[in-house]
Structure formats: structure tokens, C-alpha cells
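Chemist: What shape does this take:
(one chain, ligands or ions: 2)
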Amino acid sequence: MVDRFKGEFDGLLGIFFETGLAGRMVCDPDGRIVRVNAALAGMVGANVDLSVGAPASGVIAKETRTHAWKQIFPVLTGQAPPKTIVSLLEGDGAPVVEILPMRLLERDGTISGLILRFADISVQRHLEAQLTQGQKLQAVGQLAGGIAHDFNNLLTAVMGAADDIAARPGTDPTTLEDAVQIRASAERGADLVRQLLAFGRQQTLQPRVVAINEAITQISILLRRLLGSKIRLELDLETPGRKVMVDPVQLDQVLVNLAVNARDAMLEGESTPNDRVLTLRSGHLLLLHPLVRGQETIPPGRYVVIEVEDTGAGIPPAALPRIFDPFFTTRRDRGGNGLGLSTVHGIVRQSEGFLAVESDLGKGTRFRIYLPRYEGETTPQPAPAIAPAAPKAVATAPPTGQRTVLIVEDEEDVRRLAVRQFTRSGWRVLSAEDGDAACELLAADDPALDLIVSDVVMPGLDGPSLVRLLREQRPNLPAILVSGYADEALRRDLANQDIVFMPKPYSLRALIDVAETVLQRSVDLVPS
Ligand SMILES: Nc1ncnc2c1ncn2[C@@H]1O[C@H](COP(=O)(O)OP(=O)(O)OP(=O)(O)O)[C@@H](O)[C@H]1O
Ligand SMILES: [Mg+2]
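Modeler: Ligands and ions are numbered 1, 2, ... in the order given. Below you'll find the model as predicted:
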């Protein structure tokens, strides 16, 4: 039967068979290979027998072979109509393929074999997986963002009240201690919110140019302490060191999270202290073609690569696709929340980088972070911690004498504390619970204003619109907008409008300091 096809592929049919990206195979009615094209030979592993007469099912990965062949065989015997199936090929990385079996019919209607077409859909699958991962994170991010907004308001109020108690003259030492404790706990709460926001990608990152080797060396001091004496930390840093544009605090958080996971995996395994090594490596990569790594497809470009490798227990293949999911943990009984890697993923993504993982069960795990290389020549201005561009403003009041601030904040407790703090610092204070109320107040008795401090998100007129409206009458009015929930786009937008952004929660002291700075700047800019 195999001979039946000999010579038939020499003409046009042969050209059609051989060309194109799809893999093709002809098999006889017994399911034995008659011919394969070069594309299929390139898709399967070198160990697969493609010789004439070998079983056709051998090209399909072992774990899916029986299942796939059960669907192909009835097409060959005429019991089922041809239909596409999705399966894995035998070979490196088990490429995902769509297989379309087509019958070869004789004139009398008998089936003399199949032409199988194999289309590699691995990249498409990767992109789909990436999309789902992105959507999952987005959903959690939105939820986290919503909570963070309210929660930051509460924390600002809690911290403010604690500061207030502590600053009150004559507070007894026990109360003072409690106030300090309350503040510390509220700060821990704020850290948690920041962590939640990081993987929701709503966090306000403050990227700057970071020399990667220096950053790794610096954080290694802390990591040594975290890892303890039972784990050796090794640095393997490529010179010359490269630069990236990231938020250095977030980069530290990424490395700490990965190191803590590695520590846990190494201490839980069977390894002896001598085998427990965490290696931090730096390197670079020039990509000319997209690179598929797990669920990520990394576009061509120049990258700085950071590797965090451990000799721990490894990650079972079944768990591997889930480790970046928020709340996925195998360590719940030991206090794991499953937020570490989602945070890492969120930060890396937000820094326009990529994250990949490889793991060998029982041997160890290697995380790789690909960050776009910073190519700028000069060291640019570090992003200002709070303030964007200096307002090109003229102060409406001289630096001496009482200044007036308008505070607009819908959260009553936060507003009350802010009013008190500004008053204490010698300001005249007007306050309103939202944008509309602020407009009414100003319409009633048109006071001179030196500064507006407002929430971004409010019912009715929002912060940025309020500032725009006020500046129609008072051009260049210095403005500070506060929010617990702002993405980079909003921050940039505010910066372009000469509005200073301040993330919540903030301490009242910091707010006053920023207010003074903003005002001082605008006064400095008064033409002499
Ligand atoms: N280096 C590693 N070696 C082995 N398994 C790992 C490693 N890193 C992560 N994992 C696995 O991935 C899971 C998720 O990690 P992740 O950091 O997100 O959460 P966690 O460490 O369990 O909890 P949390 O970080 O919130 O305290 C872990 O529970 C563990 O099963
Ligand atoms: Mg963790």
C-alpha cells in the first residue's frame, strides 16, 4: 500500500505538499507514514521516527497520543467525518498543534490513506494565556483599587489622629506609646494596600534610572539577613553593568519576594545547608525575534536580565502555570497569602518588563526578569517624589502674613484633621466637602486663595475639574491633589497641568511640607 503513493508527489502536488509553514504527512490506511514534509520534520523532536512505515501517531506527544489518535483513526476508517483536533507534538517544548486529517479517496470511494495537516498554534495559545492572566490581574486590581481608595482614607484619618494625640502637650507616656503603636500599625496597613495595588497595576510607580548591579549589591545586604545562616547568597554580576528605568523601591520588593520564596523552598526541601544557594545574576539580552517564555511573549529589543536562582524543592509542572495567580499558594498553613509572585508580576509588567520561570522538581527554580534596557546617555532627573513640574505661578499673596488654603475632601475625618493641621501651622483655612460645595463657598464671598488642596475622586465635580475651574478666575493658583488611587496616566496628566500630586495615605506633616514647598516655588517664580 505504501508503494501506491510512490511517484505521485513529484509534480505540482509535491510542491504544494512541501512548501508552506504547516507540517504535512501522508499516511496509509494502516496508519503508517508514507511521507512527511520538511516543516513537520522541523516541528517534531529529533528522536521521532519519521521513516516510511513508522507509526504516524509517533509524531504526537506521548501524553496526548491515545486521545488524539482515537479521533483521527475513525476518519481513516470512514467512521467519522474529518474534523480539526488540537494536540501536542512530540518534541522540545511540546508545541501545540491543530491537526486536520483529510481523506485520500480512490475513484471507487475506498479510502487509501490520510493527508494530515499540522498547524503550530503555540504562539497563539501563549498570547491567549497571557491575555487571561492579564484579565485576572485586572479584575483583582480593580477590586483592590476600589478598596484601596476607601482604605487609604481611613488610614489617613487613623494616622492623623494618632499623630495628633502624640503631639498633644502633656500626653501621658502610656497613651503616647499607644499612639505610636497605632501609627505603626496603620503604616503596616498602608504597606499592604500598596502591595495590593502593585499587582493591580494602579500603583503610582516612581521610576528612575537604576544601575542594576549597584541595586542588586545594595539589596543583597538585606537579603543576607533575610536568608539567614543556612543559605548562601551568591552574586554573579555581568560587567559592564547596565541601566534600567524602574522604581528602585519596587525593584527591591521584587527581589525580596523572590528571595523569600526561594528561602522557603530551600528550607522545606531535603537539602543540606551546603547545597542551599541563592544566586542573583545580572546579564543582558539582545532579541531580534519575539521570544516565548512560559506564558510571556517577549518582543524584540534590548533587555537587562536579572536571574534569581535557588536550589530548592522546585515547582511541580501542574502548579507552574498558576504560581502568578493572586492568592495561589501551597504555603497557606505556614502563613502564605499567595500575593508575593502576583506582586512581582504586577511590578515587572508595570515597568514594561517580562517575567519567566523555569523549575526542575527536586533541583531548584530560576526566575528571570527581563527589563527594557535604559539607553539614555545622561542621568536624567530623578522623578520627583511628590511634585512634578514647578508651577509657573505667581503667588496671590506675599510670603509673609497669613495665607489661605481651600481644603476640599469628602471624607469628613480626613478633612477635619487637615483643617486642624493647616490652622495650627498658621494658615487661614476654608473647607468644603466636595467640588460643588467649594464653588458655592467661593461664589458667596470671593476670598483670595493661595493654595487649593483637594481630593482627586469626589462625587460631582472631581479634583482636576475643580482646579481648572478655579484657575479661570485665579490663573496659576497652586494646587495639590491627593488620592489613594491614581494610575501613571493621571499623574502625568496632572503634572502637565502644574498640579502637584500626593499619594494617600500621607502624614499631615508631609502635607504641610509639600504645601510650603509648592508655595515657596510659586513665590520664587515671581518676576522681580
Ligand atoms: N522559588 C520557589 N521554589 C518553589 N516554589 C515556589 C517558589 N516561588 C514560589 N513558589 C510556589 O509558588 C507559590 C506562590 O508564591 P507566592 O510568593 O505568590 O505566595 P506565597 O509565598 O505562598 O505567599 P506570600 O508570598 O503571599 O507570603 C508558593 O506557595 C510556592 O508553592
Ligand atoms: Mg511568597
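Chemist: Tell me the residues on this protein that lie near ligand 1, please.
Modeler: Proximity of the chain to ligand 1 is confined to 261-262, 265, 310, 312-315, 323, 328-331, 336-342, 365 under the rule C-beta under 6 Å from any ligand atom. (Glycine included, C-beta is placed from N, CA and C.)
Chemist: I'd like the distance between residue 215 and residue 304.
Modeler: Counting by C-beta to C-beta, to the nearest Å, the gap from residue 215 to residue 304 is 10 Å.
Chemist: Comparing these two, which shows the higher neighbour count?
Modeler: Taking neighbours as other C-beta atoms under 10 Å, residue 215 and residue 304 compare with residue 304 leading, 24 against 20.
Chemist: for the spatially closest residue to the more buried one that is not a sequence neighbour, phi and psi?
Modeler: Among residues not flanking residue 304 along the chain, residue 242 sits closest, at 4.4 Å (C-beta to C-beta, 6 or more residues apart in numbering). Per-residue torsions, residue 242: phi -110, psi 170 (degrees, to the nearest 10).
Chemist: what sits against residue 242?
Modeler: The contact partners of residue 242, by C-beta atoms under 8 Å, 6 or more residues apart in numbering, come to 211, 212, 282, 284, 304, 373, 374.
Chemist: Of those, which is the nearest to ligand 1?
Modeler: Nearest to ligand 1 among the contacts of residue 242 is residue 282, at 18.5 Å by C-beta to the nearest ligand atom.
Chemist: How far off centre is the helix or strand harbouring the closest one?
Modeler: Element membership of residue 282 [criterion: DSSP states H and E] is strand 277-287. For strand 277-287, the separation from the chain centroid amounts to 19 Å (computed by C-alpha atoms, centre = their mean, to the nearest Å).
Chemist: quick check: mean pLDDT across whichever helix or strand comes after that strand?
Modeler: Note on strand 277-287: by DSSP H and E, the next helix or strand toward the C-terminus is strand 291-293. Strand 291-293 carries an average pLDDT of 86.
Chemist: residue of the stretch 301-450 of the chain with the smallest distance to ligand 1?
Modeler: Across the stretch 301-450 of the chain, the shortest distance to ligand 1 (C-beta to the nearest ligand atom) belongs to residue 340, at 2.5 Å.
Chemist: tally of neighbours for that residue?
Modeler: Counted by other C-beta under 10 Å, the residues lying close to residue 340 total 23.
Chemist: ditto for the one 5 residues further on
Modeler: Each residue near residue 345 was counted by other C-beta under 10 Å, and the total is 26.
Chemist: which non-adjacent residue is nearest it?
Modeler: Nearest residue to residue 345 in three dimensions, chain neighbours excluded: residue 324, at 4.6 Å (C-beta to C-beta, 6+ apart).
Chemist: So that neighbour: helix, strand or coil?
Modeler: For residue 324, the assignment made with DSSP: H, G, I helix; E, B strand; the rest coil gives coil.
Chemist: Mark which of the residues of the chain next to ligand 1 are buried, thanks.
Modeler: When the residues of the chain next to ligand 1 are checked for burial by 16 or more other C-beta atoms under 10 Å, the buried set is 261-262, 265, 310, 312-315, 323, 328-330, 336, 338-342, 365.
Chemist: where along the stretch 51-200 of the chain do the strands fall?
Modeler: Along the stretch 51-200 of the chain, counting by DSSP state E, counting those that start in this stretch, strands occupy 85-88, 96-105, 111-120.
Chemist: of those, which approaches residue 447 most closely?
Modeler: Residue 447 lies closest to strand 96-105 among those, at 68.0 Å (C-beta to C-beta).
Chemist: where in the protein is pLDDT low?
Modeler: The chain contains residues with pLDDT under 70 at 1-11, 129-142, 145-146, 149, 195-205, 269-271, 273, 377-401, 485-487, 522-528.
Chemist: which stretches of it form helices?
Modeler: For the chain, applying DSSP state H gives helices covering 12-18, 38-43, 62-76, 122-167, 173-200, 212-227, 248-268, 340-350, 412-424, 435-444, 463-473, 488-496, 508-524.
Chemist: Deepest in the core, which of these is it.
Modeler: Of those, the one with the most neighbours on average (mean count of other C-beta atoms under 10 Å) is helix 340-350, at a mean of 24.
Chemist: give me the residue from this structure nearest ligand 2.
Modeler: In the chain, the residue that lies nearest ligand 2 is residue 340 (2.6 Å; C-beta to the ion).
Chemist: picking up where we left off before, would you list the strands of the stretch 51-200 of the chain in a markdown table and tack on mean neighbour count and distance to residue 432?
Modeler: Formatted as a markdown table, the strands of the stretch 51-200 of the chain follow (neighbours: other C-beta atoms under 10 Å; distance: least, C-beta to C-beta, whole Å):
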| stretch | mean neighbour count | distance to residue 432 |
| --- | --- | --- |
| strand 85-88 | 18 | 60 |
| strand 96-105 | 18 | 59 |
| strand 111-120 | 20 | 62 |
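Chemist: Between the ones you listed, which one is closest to residue 489.
Modeler: Comparison of those against residue 489 by C-beta to C-beta identifies strand 96-105 as nearest, at 35.6 Å.
Chemist: Just list what the closest one packs against, helices and strands only.
Modeler: For strand 96-105, the elements it packs on are helix 62-76, strand 85-88, strand 111-120, judged by 3 or more C-beta pairs under 8 Å, 6 or more residues apart in numbering; DSSP states H and E.
Chemist: For residue 110, see how far away the residue nearest to the spatial centre of the chain is.
Modeler: Geometric centre of the chain, nearest residue: residue 346, 2.0 Å, by C-alpha atoms, centre = their mean. Per C-beta to C-beta, residue 346 is found 60 Å from residue 110.
Chemist: Residue 444 too?
Modeler: Computed as C-beta to C-beta, the residue 444 to residue 110 distance reads 96 Å.
Chemist: Residue 12 too?
Modeler: Applying C-beta to C-beta to residue 12 and residue 110 gives a distance of 24 Å.
Chemist: that older thread, contacts only, for the closest residue to the residue of the stretch 301-450 of the chain closest to ligand 1 other than its chain neighbours.
Modeler: Excluding its sequence neighbours, the residue lying closest to residue 340 (C-beta to C-beta, 6+ apart) is residue 257, at 4.3 Å. Neighbouring residues of residue 257 by C-beta under 8 Å, 6+ apart: 340, 341, 343, 344.
Chemist: ok, now residue 231?
Modeler: For residue 231, the contacting residues are 263, 266, 267, 273, 276, 277, 278, by C-beta under 8 Å, 6+ apart.
Chemist: Take those residues and lay them out in JSON lines including distance to ligand 2.
Modeler: Formatted as JSON lines, the contacts of residue 231 follow (distance: C-beta to the ion, whole Å):
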{"residue": "263", "distance to ligand 2": "10"}
{"residue": "266", "distance to ligand 2": "13"}
{"residue": "267", "distance to ligand 2": "13"}
{"residue": "273", "distance to ligand 2": "22"}
{"residue": "276", "distance to ligand 2": "17"}
{"residue": "277", "distance to ligand 2": "19"}
{"residue": "278", "distance to ligand 2": "14"}
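Chemist: Among those residues, which one lies nearest to residue 82?
Modeler: Distance to residue 82 across the contacts of residue 231 (C-beta to C-beta) is lowest for residue 266, with 52.0 Å.
Chemist: Correct me if wrong: the closest one contacts residue 309.
Modeler: No: applying C-beta atoms under 8 Å, one finds residue 266 not in contact with residue 309, separated by 11.0 Å.
Chemist: joint contacts of these two?
Modeler: residue 278.
Chemist: tally of neighbours for the residue nearest to residue 216 when sequence neighbours are not counted?
Modeler: Excluding the flanking residues, the one nearest residue 216 by C-beta to C-beta, 6+ apart is residue 280, at 5.4 Å. By other C-beta under 10 Å, the residues close to residue 280 number 22.
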